[in-house]
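Novice: predicted structure and sequence below. I'll ask about it afterward.
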Amino acid sequence: MEHKPNIEQLWQQAAAPAPDWQQFASQLAAMETKKRNEKNRVNFLLGVTIAFVAFIAIAYWPMQWSTLAGIVLTEASMLLYLWQYNRHTKVRSEGLVSANACEYLSYLHAERKKQHFLGTKLMTAYFLLLGTGILLYMWEFVLRMPGWYGWLAYALAMGWFALNWFVFKPRIIQKKEAEMNKYIQQLEALQQQWS
Amino acid sequence: MSSFQQLYEAYWPRIYRVCLAYVGDREWAKDVCQECFEIAWRQREQFRDEALMSSWIFRIAVNLCLRQLKREEKRAGWEAEHHERQQMQRERRTELELRLFDAIGQLPELDRLLISLHLEQIPQQQMGEMLNLSHANVRVRIHRIKEQLQKLLEEPSHGA
């Protein structure tokens, strides 16, 4: 008589690597330290920059309103960035934990909307505030420059903004959105198996 | 950390098997399993009810598995059979065991998850909640999948 393979038994026998708690715990600790350090570094650097710009405004009270307006706008852009950075460094895994397979798809849709908002509206606000702030700030000093040096300073600054606006920003947004779209498309394709 | 350590040690092999059945590659399954416990660790404060621990951790694993398809394009997990067989010989896994995982790999993704959760003795009610299926649907599907697997395992081996 032929022996029938027992699926349950075979499954339980399947070799799984032994859990290594020590290794896992040290990986977790290293990961958390790395994340904390990065967050501290960004907060520290931007915090120092914000304080330094504020110090300039207080110690060398600008002669023109444009410089003061520039400082305010630049500070606002950096604060906006810092606020968003600290809000979004929390790892986005709530959907994985609380949702069932179909709710997870809705969660990803909501995430995509949020990501789109961050990549378009918020980034635009940041760029506009920072760009306008720097251009206004430069005005007082450009006026003191001889001849075409002032034009050159403005051309360089605007060139740098244009490069960020037209090249780097769309590339970053596109990359992030493409990744999210792929997850969503895959899950949507899988949904057919549910019916 | 000690209660989480208990959770990790108790569930690691079970989660690993579910991930392996889904992705079909041992290294990949290990990565998914690792990620599952990392997420569980980060979200551990949300989790209070010990009685639902199994459902909670398997739910994370299921959602993570569903997200793994992306790498399938690059690697075609279940087609890496030769590599698997070599690895099996090194790890002294049985031919029948490999055939079971091969057979599971031939199933559609949802069925892979259903059968592996069933084999991990997750109650059908919980499976239905995780996968958004009715209890009756889960029961019927599992019955059908088991028949299919049995048939595949009884076929003469073409391997090695």
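Specialist: Thanks, I have it. Residues are numbered from 1 along each chain as shown, chains lettered A, B, ... in the order given.

Novice: ok, longest helix in chain B?
Specialist: Taking DSSP state H as the criterion, chain B has its longest helix at helix B:2-23.

Novice: that one close to chain A?
Specialist: Yes - counting by Cβ under 8 Å from any Cβ of the partner chain, contacts between helix B:2-23 and chain A involve B:Q5, B:Y8, B:E9, B:W12, B:P13, B:Y16, B:R17, B:L20. Bear in mind the C-beta positions are built from the backbone N, C-alpha and C, glycine included.

Novice: who does that helix touch, helix- and strand-wise?
Specialist: Here helix B:2-23 touches helix A:21-59, helix B:26-42, helix B:53-67, helix B:95-105, helix B:109-119, going by 3 or more Cβ pairs under 8 Å, 6 or more residues apart in numbering or on different chains; DSSP states H and E.

Novice: now mean pLDDT and distance to B:Q148 too, for these, in CSV please.
Specialist: Shown next, in CSV, are those (pLDDT from 0 to 100; distance: least, Cβ to Cβ, whole Å):
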stretch, mean pLDDT, distance to B:Q148
helix A:21-59, 91, 36
helix B:26-42, 91, 22
helix B:53-67, 88, 20
helix B:95-105, 86, 8
helix B:109-119, 94, 8
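
Novice: identify whichever of those lies nearest to A:W151.
Specialist: Shortest distance between A:W151 and those, using Cβ to Cβ, is found for helix A:21-59: 24.1 Å.

Novice: find the centremost residue of chain B, please.
Specialist: Against the mean C-alpha coordinate of chain B, by Cα atoms, centre = their mean, the closest residue is B:V18 at 1.4 Å.

Novice: quick check: nearest residue in space to it, chain neighbours excluded?
Specialist: Take B:V18 and drop its neighbours on the chain: the residue closest to it by Cβ to Cβ, 6 or more residues apart in numbering or on different chains is B:S116, 4.4 Å away.

Novice: which one, of the helices and strands packed on helix B:2-23, ends up nearest to A:I184?
Specialist: If you check each of the helices and strands packed on helix B:2-23 against A:I184 by Cβ to Cβ, helix B:53-67 wins as the nearest, at 10.5 Å.

Novice: in the longest helix of chain B, what's buried?
Specialist: Along helix B:2-23, the positions that meet the burial threshold by neighbour count (16 or more other Cβ atoms under 10 Å in any protein chain shown) are B:4, B:7-8, B:11-23.

Novice: repeat for stretch A:52-70
Specialist: By neighbour count, and taking 16+ other Cβ under 10 Å as the criterion, the buried residues in stretch A:52-70 are A:V53, A:A57, A:P62, A:S66, A:T67, A:L68, A:A69, A:G70.

Novice: for the fourth one, what is the enclosing helix or strand?
Specialist: Using DSSP states H and E, A:S66 sits within helix A:65-88.

Novice: check the gap between the closest residue to B:E35 other than its chain neighbours and A:A99 for me.
Specialist: Spatial nearest neighbour of B:E35, excluding adjacent residues (Cβ to Cβ, 6+ apart): B:L64 at 6.0 Å. Note on B:L64: its distance to A:A99, by Cβ to Cβ, to the nearest Å, is 12 Å.
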